[in-house]
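**Q** Give me a 3D structure for the following:
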Amino acid sequence: MSIKQGFLVELDHETNNTRRVLERVTDEHLNYKPHEKSMTLGNLLGHVVELHNWVAEGLPKDEFNLATDYKPFKPTSVAEIKDALEAGYTKNKETIENMSEEEWMKTWTLKAGDHVISQVPKIGAFRFIVYNHLIHHRGQLNVYLRLLDIPVPGIYGPSADEKM
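**A** Presented below is the predicted three-dimensional model:
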C-alpha cells in the first residue's frame with residue numbers, strides 16, 4: 001500500500017468518526033462550555049473540522065503560517081459545520097490523490113509569525129500536526145457529549161452507550 005492509499009483509508013475513517021459525533025449535536029448545544037477556560041462546543045467542532053481541512057489547505061504549501069494563513073472557523077449552526085466537513089472531505093481526498101510519494105517527504109514548516117513551531121516532512125505534518133491534533137480535540141468533544149448526557153458514539157470500538 002502506498003503512502004497516499006494509506007492516508008486515503010485514514011481520511012475516510014477519521015472523517016466518518018467526526019460525522020458520527022456531529023450526528024449527536026444540535027444547534028442548541030453549540031454555546032455549551034464545560035468550564036470558563038473551555039471553548040464552546042460550536043467553536044471546538046469548528047476547530048476539529050478546520051483541522052480536517054488543513055489537509056487541503058495546509059499540506060500543499062511548504063509553509064503554513066498561523067499569523068497569515070489561519071482564519072478560525074466560527075460556525076453558527078450544525079448544518080454549517082457539516083457542510084464545511086463535507087466540502088473539505090472532497091478537497092482533502094483530491095489533495096491526497098494528487099500528492100506524489102516524493103511530495104510527502106518534502107519539508108513542511110508550521111510558523112506563528114517569524115517563530116517556527118515545527119519543521120517536519122509533510123508525512124509527519126499529516127500525522128502529527130493535523131490528525132493527532134484533530135483526534136485529540138474530537139476526544140474533548142466526546143467529553144462535552146458525556147457532560148451534556150448525549151450518547152457518545154463508539155469511535156475505535158463501542159462506547160459505553162452502544163451495544164455490540
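**Q** Quick check: which ranges of this protein have low pLDDT?
**A** For the chain, applying pLDDT under 70 flags the ranges 164.
**Q** residue boundaries of the helices in it?
**A** In the chain, helices defined by DSSP state H lie at 3-22, 41-58, 78-98, 101-105, 122-124, 133-147, listed in chain order.
**Q** I'd like the ones you listed laid out as a markdown table, including distance to A160 and mean neighbour count.
**A** C-betas here are computed from N, CA, C, even on glycine. Shown next, in a markdown table, are the helices of the chain (distance: least, C-beta to C-beta, whole Å; neighbours: other C-beta atoms under 10 Å):
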| stretch | distance to A160 | mean neighbour count |
| --- | --- | --- |
| helix 3-22 | 15 | 16 |
| helix 41-58 | 20 | 22 |
| helix 78-98 | 24 | 17 |
| helix 101-105 | 38 | 13 |
| helix 122-124 | 34 | 19 |
| helix 133-147 | 9 | 16 |
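**Q** Out of those helices, which is closest to E162?
**A** helix 3-22 (10.2 Å; C-beta to C-beta).
**Q** residues in contact with that closest one?
**A** 45, 48-49, 52, 55, 78, 81-82, 85, 89, 92-93, 96-97, 99, 101, 104, 123, 126, 131, 134-135, 138, 141-142, 145, 153, 155 (C-beta atoms under 8 Å, 6 or more residues apart in numbering).
**Q** tell me the angle of it relative to helix 41-58?
**A** 160 degrees (axes from the mean of the first three to the mean of the last three C-alpha atoms, to 10 degrees).
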